[in-house]
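S.K.: here's my sequence, what's the structure:
(one chain, ligands or ions: 1)
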Amino acid sequence: MSRLAFITGATSGIGLATARILAENGYRLALAARSKERLEQICVEMEDQYSVHSEMFVMDVREEEQINAAVNQCIEKQGIPDILINDAGLARGLESYDKTSVPDIKQMIDTNIRGLFLVTHAFLPFMIKRNTGHIINIGSTAGLYAYAGAAVYCATKAAVKTFSDGVRIDVIQSDIKVSTIQPGIVETPFSEVRFHGDRKRAESVYEGIEALHPEDIADVILYVLSAPKRVQIADVVVMANQQATGFMVYKKNG
Ligand SMILES: NC(=O)c1ccc[n+]([C@@H]2O[C@H](COP(=O)([O-])OP(=O)(O)OC[C@H]3O[C@@H](n4cnc5c(N)ncnc54)[C@H](OP(=O)(O)O)[C@@H]3O)[C@@H](O)[C@H]2O)c1
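M.R.: Residues are numbered from 1 along each chain as shown. Next up is the predicted model:
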């Protein structure tokens, strides 16, 4: 039977592009996010475009009960995933830490750290029992290089990298692989979410630079997943051509 990938954040951007490329390559899919309507549309797309039957899991990664329910349902309906892609995540706001709102701080920590940790915690024992599995965590160059106005977001992404490294140690005796993908600037709805729906401000982030496409990151994920059993790609940092660190980008028009 073809390999099963459970993807959080599957309704948009990098998660959606990854779902598409995996469907194209014959993977079975378990797709999770908060938006039921988008998940329904994407499941139809997977069936129509790629003849792939996927299951959807309406799940907020900040809610432990929803995580446990989704994990149990997935195992019941589709089996233990061969691959877990922890993509759900977000930045909220771009202002100095003293001006960052407490709800924004909590949402970033609860989604990017707590949610990712708990989803992994729910699936890992099953993978260990089977001695196989591949966990792919989506970090960010923001986790490697802090930038102004993003102390919390950068810290959450640093946590993702360190968490991956720690789990990789804990499963060293098994055949389970753990990989962190650390993208630079990728043009997705990410900035619109960050600026609380301010589309104009979000668009300005990508003006004057050719940002990565979500498909570029999906290609990397497919490559990481396709490596032979002996090969564990631990970390991948992928930047746009005109990007040098987390937020240092060269813009053609200043
Ligand atoms: N875009 C970039 O420049 C960039 C760079 C480096 C790293 N990243 C990372 O890449 C990942 C994906 O970002 P993206 O750029 O593809 O952004 P995006 O298009 O906004 O996608 C974010 C996804 O996360 C889901 N999500 C958000 N909060 C959630 C929650 N509480 N529970 C469950 N799902 C939730 C969203 O679905 P629902 O709204 O339906 O729940 C959506 O599917 C994030 O972890 C982000 O930090 C992005």
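S.K.: what's the span of stretch 193-213, first residue to last?
M.R.: For stretch 193-213, the first-to-last residue distance is 17 Å (Cα to Cα, to the nearest Å).
S.K.: for residue 180, which non-adjacent residue is spatially closest?
M.R.: residue 164 (4.3 Å; Cβ to Cβ, 6 or more residues apart in numbering). From N, CA and C alone the C-beta is placed, and that goes for glycine too.
S.K.: from residue 86, how far out is that neighbour?
M.R.: 9 Å (Cβ to Cβ, to the nearest Å).
S.K.: which residues do the two both contact?
M.R.: 135, 137 (Cβ atoms under 8 Å, 6 or more residues apart in numbering).
S.K.: more neighbours, the two?
M.R.: Applying other Cβ atoms under 10 Å to residue 164 and residue 86 shows that residue 86 carries more neighbours, namely 28 against 23.
S.K.: quick one: residue 83 and residue 2 touch, right?
M.R.: No: using Cβ atoms under 8 Å, residue 83 makes no contact with residue 2, being 11.2 Å away.
S.K.: just the strands in the stretch 101-250 of the chain please.
M.R.: 134-138, 177-183, 235-238 (DSSP state E, counting those that start in this stretch).
S.K.: for the ones you listed, give me CSV that also has mean pLDDT and mean neighbour count.
M.R.: Listed next are the strands of the stretch 101-250 of the chain as CSV, based on pLDDT from 0 to 100; neighbours: other Cβ atoms under 10 Å:
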stretch, mean pLDDT, mean neighbour count
strand 134-138, 99, 24
strand 177-183, 98, 24
strand 235-238, 98, 16
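S.K.: make JSON lines out of these and add distance to residue 37.
M.R.: Converted to JSON lines, those look like this (distance: least, Cβ to Cβ, whole Å):
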{"stretch": "strand 134-138", "distance to residue 37": "23"}
{"stretch": "strand 177-183", "distance to residue 37": "26"}
{"stretch": "strand 235-238", "distance to residue 37": "31"}
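S.K.: got JSON lines for those, with distance to the ligand too?
M.R.: Formatted as JSON lines, the strands of the stretch 101-250 of the chain follow (distance: least, Cβ to the nearest ligand atom, whole Å):
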{"stretch": "strand 134-138", "distance to the ligand": "4"}
{"stretch": "strand 177-183", "distance to the ligand": "4"}
{"stretch": "strand 235-238", "distance to the ligand": "9"}
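S.K.: of all the ones you listed, which lies closest to residue 160?
M.R.: Among the strands of the stretch 101-250 of the chain, strand 134-138 comes nearest to residue 160, with 5.2 Å by Cβ to Cβ.
S.K.: show residues contacting the closest one.
M.R.: 9, 14, 82-87, 89, 116, 120, 123-124, 127, 160-161, 163-164, 167, 176-181, 183, 217, 221, 224-225.
S.K.: let's go with 6 Å and repeat that
M.R.: 83-87, 160, 164, 177-181 (Cβ atoms under 6 Å, 6 or more residues apart in numbering).
S.K.: looking at residue 83 and residue 2 now, which is surrounded by more residues?
M.R.: Taking other Cβ under 10 Å, residue 83 and residue 2 do not tie; residue 83 has more neighbours (25 against 12).
S.K.: pLDDT wise, what is residue 209 at?
M.R.: pLDDT recorded at residue 209 is 94.
S.K.: isn't it up against residue 241?
M.R.: No: contact criterion Cβ atoms under 6 Å: residue 209 and residue 241 do not qualify, at 8.8 Å.
S.K.: in terms of neighbours, single out the busier of those two.
M.R.: residue 209 (18 against 11).
S.K.: what sits against the more buried one?
M.R.: For residue 209, the contact set (Cβ under 6 Å, 6+ apart) comprises 242, 249, 251.
S.K.: for the last one, grab phi and psi.
M.R.: Residue 251 has phi and psi values of phi -100, psi 130 when expressed as degrees, to the nearest 10.
S.K.: the residue lying closest to it once chain neighbours are set aside: neighbouring residues, count only.
M.R.: Ranked by Cβ to Cβ, 6+ apart and with sequence neighbours excluded, the top spatial neighbour of residue 251 is residue 208, at 3.6 Å. Residues near residue 208, counting by other Cβ under 10 Å, number 13.
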